[in-house]
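1. Got a predicted model here, sequence first, then my questions.
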Amino acid sequence: MSTTLLWIGFNVFVLLMLMLDLGVFNRKAHEIKVKEAVLWTIFWIALSLLFNAGIYFYSGYEKALMFFTAYIVEKSLSMDNIFVFLMLFTYFKVQPIYQHKVLFWGVLGALIMRAIFIFAGIALIEKFDWILYIFGAFLIYTGYKMMKEKDKEIHPEKNPVLKLSRTMLPITGDYRNGYFFVKENGKRFVTPLFIVLLVIESTDVVFAVDSIPAVLAISHDPFIVYTSNVMAILGLRSLYFALAAVMRLFRFLHYGLSVILIYVGCKMIAAQLGYHIPTEISLGVIALVLTLSIVLSIYIPEKKNNAN
């Protein structure tokens with residue numbers, strides 16, 4: 001099978017899954033319950049592992065290991081997205097019944113933007129290999145900055161996209177039964193739900209700036225980087241609905257994510273200096289850090305301040 005056919009086949013498969021998701025399984029707007037979300041999360045993870053097995057049989061052990069490691073990196077960093085989704089839906093008071101629709105189109109936009117970021121990043125690396133030093137230093141700085149943040153605060157009102165939208169677009173006063181656009185008295189309006197979508201898309205650009213260089217530290221193979229990102233993002237919606245209620249319990253998770261960013265940044269710089277860290281070691285480090293951050297969050301609960 002040629003590389004071109006692989007690219008076409010994968011993208012056709014992704015489009016088919018998205019069509020089935022919106023047109024069949026979630027044709028009617030409804031609130032996603034935890035049980036349904038968990039089942040969908042298991043489905044997307046199983047599908048990713050099946051795809052990884054296909055890479056193993058087609059391209060061999062090394063490529064399969066790179067895909068799996070890149071998938072784990074992207075999946076772990078997407079935990080930050082889940083926290084932001086929760087904050088934004090709370091801030092804009094989006095009803096649960098409409099959240100899946102926003103996340104569906106948000107993920108679709110994220111897939112397009114990630115593809116642009118990935119191919120732009122790979123093109124820059126191929127032309128200017130010294131840029132890997134900049135990517136590595138940026139990841140180390142981002143990880144250090146994240147580690148110093150005790151409580152992640154989101155201020156949607158300061159988002160430039162939100163400010164610009166409120167200035168330039170006619171917006172309805174309510175969600176109008178979950179529509180993005182409505183026509184009233186011969187004039188078109190956008191609803192607050194569309195504004196939420198714009199804000200989510202803009203915040204994903206910020207996350208992509210972190211996650212794409214992190215995945216490029218694992219592999220420079222366009223197909224591996226692209227497919228691992230896509231498979232991780234496809235399961236992001238169900239993961240949000242499965243974990244939204246308990247995300248605040250994982251209080252050490254952001255420390256784990258910061259360590260991962262610092263590690264992959266160091267790995268990227270080390271590779272440029274001639275010190276190659278095997279993918280097996282990287283996978284082990286990432287898995288260990290994630291496991292420790294989750295276990296510590298469970299067994300060391302946050303102390304509550306007792307008022308005297």
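-> Nice, thanks for sending it over. Everything numeric here is computed off the predicted structure, so don't read it as measured data.

2. Let's test this: mean pLDDT of the helix or strand hosting Ile45, rounded?
-> Element membership for Ile45, per DSSP states H and E: helix 34-59. Mean pLDDT, helix 34-59: 90.

3. can you pull out the helices in the stretch 1-150 of the chain?
-> 3-20, 34-59, 61-92, 96-127, 131-148 (DSSP state H, counting those that start in this stretch).

4. contacting residues around Leu103?
-> By Cβ atoms under 8 Å, 6 or more residues apart in numbering, Leu103 lies in contact with 85, 200, 236-237, 240. For glycine as for every other residue, the C-beta is placed from the backbone atoms N, C-alpha and C.

5. Now do the helices in the stretch 151-300 of the chain.
-> 160-168, 192-216, 222-234, 236-243, 253-272, 279-299.

6. the bottom helix or strand of this protein by mean pLDDT?
-> helix 160-168 (a mean of 79; mean pLDDT, DSSP states H and E).

7. Remind me what that helix packs against, helices and strands.
-> Secondary-structure packing of helix 160-168 (3 or more Cβ pairs under 8 Å, 6 or more residues apart in numbering; DSSP states H and E): helix 192-216.

8. could you give the angle of the helix it packs on to helix 160-168?
-> 150 degrees (axes from the mean of the first three to the mean of the last three Cα atoms, to 10 degrees).

9. In PyMOL, select just the buried ones from the contacts of Leu103.
-> In PyMOL, this line selects whichever of the contacts of Leu103 come out buried by 16 or more other Cβ atoms under 10 Å:
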select buried, resi 85+200+236+237+240
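
10. Out of the contacts of Leu103, flag the one nearest to His30.
-> Distances from His30 to those, taken as Cβ to Cβ, are shortest for Arg237 (13.5 Å).

11. follow-up on the earlier one: distance to Ser48 added to the helices of the stretch 151-300 of the chain, as TSV?
-> Converted to TSV, these look like this (distance: least, Cβ to Cβ, whole Å):
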stretch	distance to Ser48
helix 160-168	31
helix 192-216	14
helix 222-234	4
helix 236-243	12
helix 253-272	19
helix 279-299	15
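
12. Any idea which of those helices has the lowest pLDDT on average?
-> Looking at those, the bottom one is helix 160-168 with a mean of 79.

13. Tell me the gap between that helix and the middle of its chain.
-> In terms of Cα atoms, centre = their mean, to the nearest Å, the centre of helix 160-168 is set 24 Å apart from its chain centre.

14. in it, what counts as buried?
-> Across helix 160-168, burial judged by 16+ other Cβ under 10 Å covers 161-162, 165.

15. okay, now the nearest residue in space to Gly109 that is not next to it in sequence: neighbour count?
-> Spatial nearest neighbour of Gly109, chain neighbours left out: Glu201 (4.7 Å); criterion: Cβ to Cβ, 6 or more residues apart in numbering. When neighbours are counted by other Cβ atoms under 10 Å, Glu201 registers 18.

16. And the pLDDT at the residue nearest the centre of the chain?
-> Residue closest to the average C-alpha location in the chain (Cα atoms, centre = their mean): Ser78, at 3.6 Å. We have a pLDDT of 80 for Ser78.

17. same check, this time on the one 4 residues further on
-> Reading off the confidence values, Ile82 has pLDDT 80.

18. In this structure it contacts Ser238, no?
-> No - contact criterion Cβ atoms under 8 Å: Ile82 and Ser238 do not qualify, at 10.8 Å.

19. So which of the two has more stuff around it?
-> Taking other Cβ under 10 Å, Ile82 and Ser238 do not tie; Ser238 has more neighbours (23 against 19).

20. quick one: the nearest residue to Ser238 once chain neighbours are set aside from Gly235, how far?
-> Distance criterion Cβ to Cβ, 6+ apart; nearest residue to Ser238, sequence neighbours excluded, is Trp40 at 3.6 Å. As judged by Cβ to Cβ, to the nearest Å, Trp40 and Gly235 stand 8 Å apart.
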